[in-house]
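Novice: Fold the following for me, if possible:
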Amino acid sequence: MARIVIADDSPTLRRIVTSVLTKEGHEVLPAEDGISAVQAVLREQPDAVVLDVQMPRVSGFIAARLLKDDWQTADIPVVMLTSLDAASDRYWAGQAGVDRYLTKDFEAPELAGTIEEVLLAATAARGGRPRLTPDALELSEEDVLSRVCDLLDRKLFESSVAQSVMAIAATANGLEASVAALLGVLQRFVGYDLAAVMLGAESTAYVAVGEPTARSHYDSFLAAAVDGLSTSGGSSLEAAALDVRVAQAGGKLVDDPDELSGGVEMATFLSMPLRGHGGVVVGVLALSSAVKQAFGETALSTLKLIEGPAAIVIDNARLASAG
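Specialist: Now for the predicted structure:
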């Protein structure tokens with residue numbers, strides 16, 4: 001027997017679904033809209049969720065996104081049960097993380113079979129182990145709406161970052177301009193002391209100086225970026241053999257450490273491979289700071305978001321310049 005939250009603003013539909021699922025031996029927990037559905041799932045930690053799309057206050061799409069975005073409920077299968085059947089609706093359900101999509105002209109065996117499928121798939125994904133359920137969480141309506149606002153704000157931010165990166169392809173002229181534009185986007189959304197795009201085949205490093213930076217920090221950064229390129233499989237280079245092109249993007253390289261108010265040595269470094277067409281590593285994107293743990297969770301999430309688009313933009317510019 002499974003515990004299943006069913007959310008629909010139609011009492012008739014709730015009764016029908018409840019009747020079908022209780023006959024299969026399941027326990028049904030009803031909810032009238034998207035807010036009460038999210039509240040019920042976080043409070044009851046059910047085995048599955050059935051959501052209508054068109055519900056008051058919070059739609060099924062938004063409720064599904066909230067549940068799939070939260071580690072406490074992300075592994076709970078969600079079945080969308082709706083009268084909407086356009087291709088765009090099914091696409092949007094997939095974007096929301098929905099596991100199965102049914103329309104309201106369903107037959108009882110179809111619904112029962114779908115629930116059985118998602119329950120078995122969830123168990124298989126856990127390797128057959130029982131689900132570890134977190135403690136029950138009581139949320140007020142205001143709490144749920146606050147989560148909706150946070151989610152929408154984050155998605156808008158992610159969309160803005162991705163659009164800024166993809167716009168480079170249309171506005172930048174040439175490889176060097178494309179790299180400079182990418183590093184400029186990173187400075188706005190992430191921040192760094194030094195950043196570089198290092199390309200293996202070209203043996204070239206394009207470096208941006210975001211903040212006044214000690215020369216020793218710069219030397220350590222280049223060496224670390226070369227190691228990152230080698231580790232990622234992009235190429236094996238020597239720092240001394242690089243063609244380094246430095247852009248003064250708001251900062252400068254400082255020979256006298258006394259001129260700096262902050263740290264002198266590199267304290268934080270990260271790099272990620274740039275995988276171009278066919279998944280081939282063409283280079284690395286590297287960032288550093290004189291501040292320890294400078295790149296927090298938000299910065300890492302942003303970098304992960306732009307990793308793919310940035311790589312394609314740079315690879316396209318690289319191939320165009322070679323041609």
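Novice: Excluding chain neighbours, what is closest to residue 192?
Specialist: Spatial nearest neighbour of residue 192, excluding adjacent residues (Cβ to Cβ, 6 or more residues apart in numbering): residue 287 at 4.4 Å. (Each C-beta comes from the backbone N, C-alpha and C, glycine too.)
Novice: That neighbour is in what secondary structure piece?
Specialist: strand 281-289 (DSSP states H and E).
Novice: so what's the closest residue to residue 274 other than its chain neighbours up against?
Specialist: Counting by Cβ to Cβ, 6+ apart, residue 274 lies nearest to residue 311, which is 4.0 Å off, once chain neighbours are set aside. Neighbouring residues of residue 311 by Cβ atoms under 8 Å, 6 or more residues apart in numbering: 273-276, 282.
Novice: taking the residues you listed one by one, which sit in strands?
Specialist: Counting by DSSP state E, the part of the contacts of residue 311 found in strands is 273-275, 282.
Novice: Okay, domains of the chain per the record?
Specialist: 3-139, 162-322 (automatic domain parsing).
Novice: How far does the shortest one stretch from one end to the other?
Specialist: Looking back up the chat, that one is domain 3-139. End-to-end distance of domain 3-139 (Cα to Cα, to the nearest Å): 20 Å.
Novice: Quick check: the residue nearest to residue 192 touching residue 187?
Specialist: No - if you go by Cβ atoms under 8 Å, residue 287 and residue 187 don't touch, sitting 9.7 Å apart.
Novice: list the residues that contact both of these two?
Specialist: residue 195.
Novice: what about those two, which has more around it?
Specialist: Using other Cβ atoms under 10 Å as the criterion, residue 287 and residue 187 rank with residue 287 on top: 27 against 18.
Novice: mind listing the helices for the chain?
Specialist: For the chain, applying DSSP state H gives helices covering 11-23, 34-44, 60-69, 87-95, 108-125, 141-166, 168-171, 175-189, 215-232, 297-322.
Novice: Could you export the ones you listed as TSV, including mean pLDDT?
Specialist: Listed next are these as TSV, based on pLDDT from 0 to 100:
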stretch	mean pLDDT
helix 11-23	93
helix 34-44	95
helix 60-69	93
helix 87-95	89
helix 108-125	91
helix 141-166	89
helix 168-171	86
helix 175-189	89
helix 215-232	91
helix 297-322	87
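Novice: I'd like to know which of the ones you listed is closest to residue 102.
Specialist: When these are compared by Cβ to Cβ, helix 108-125 sits nearest residue 102, at 6.0 Å.
Novice: Output the contacting helices and strands for the closest one.
Specialist: With contacts defined as 3 or more Cβ pairs under 8 Å, 6 or more residues apart in numbering; DSSP states H and E, helix 108-125 has these neighbours: helix 11-23, strand 48-51, strand 78-82, strand 100-103.
Novice: Give me whichever of the ones you listed is most buried.
Specialist: strand 48-51 (a mean of 28; mean count of other Cβ atoms under 10 Å).
Novice: Could you list the paired strands of that one along with their orientation?
Specialist: Applying DSSP bridges to the sheet, strand 48-51 is found paired with strand 3-7 (parallel), strand 78-82 (parallel).
Novice: Now tell me what touches it from outside.
Specialist: With Cβ under 8 Å, 6+ apart as the test, strand 48-51 has contacts from 2, 4-8, 17, 34, 37, 41, 60, 63-64, 67, 76-81, 98, 115, 118-119, 122.
Novice: what mean pLDDT does it have?
Specialist: Averaged across strand 48-51, the pLDDT comes to 95.
Novice: For it, list the C-alpha coordinates in CSV.
Specialist: Provided in CSV are the C-alpha atoms of strand 48-51 (Å, rounded to 0.1, in the frame of the first residue of the first chain):
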residue,chain,number,x,y,z
ALA,A,48,3.5,9.7,-4.9
VAL,A,49,1.7,12.8,-5.9
VAL,A,50,-1.1,13.3,-8.5
LEU,A,51,-1.6,16.9,-9.6
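Novice: about what we covered before: ok, which of the domains of the chain comes nearest residue 155?
Specialist: Residue 155 sits nearest to domain 3-139 of all these, at 8.2 Å, using Cβ to Cβ.
Novice: ok, back up a step: using a markdown table, please lay out the helices of the chain together with distance to residue 202.
Specialist: Shown next, in a markdown table, are those (distance: least, Cβ to Cβ, whole Å):
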| stretch | distance to residue 202 |
| --- | --- |
| helix 11-23 | 60 |
| helix 34-44 | 50 |
| helix 60-69 | 40 |
| helix 87-95 | 37 |
| helix 108-125 | 43 |
| helix 141-166 | 21 |
| helix 168-171 | 18 |
| helix 175-189 | 8 |
| helix 215-232 | 11 |
| helix 297-322 | 7 |
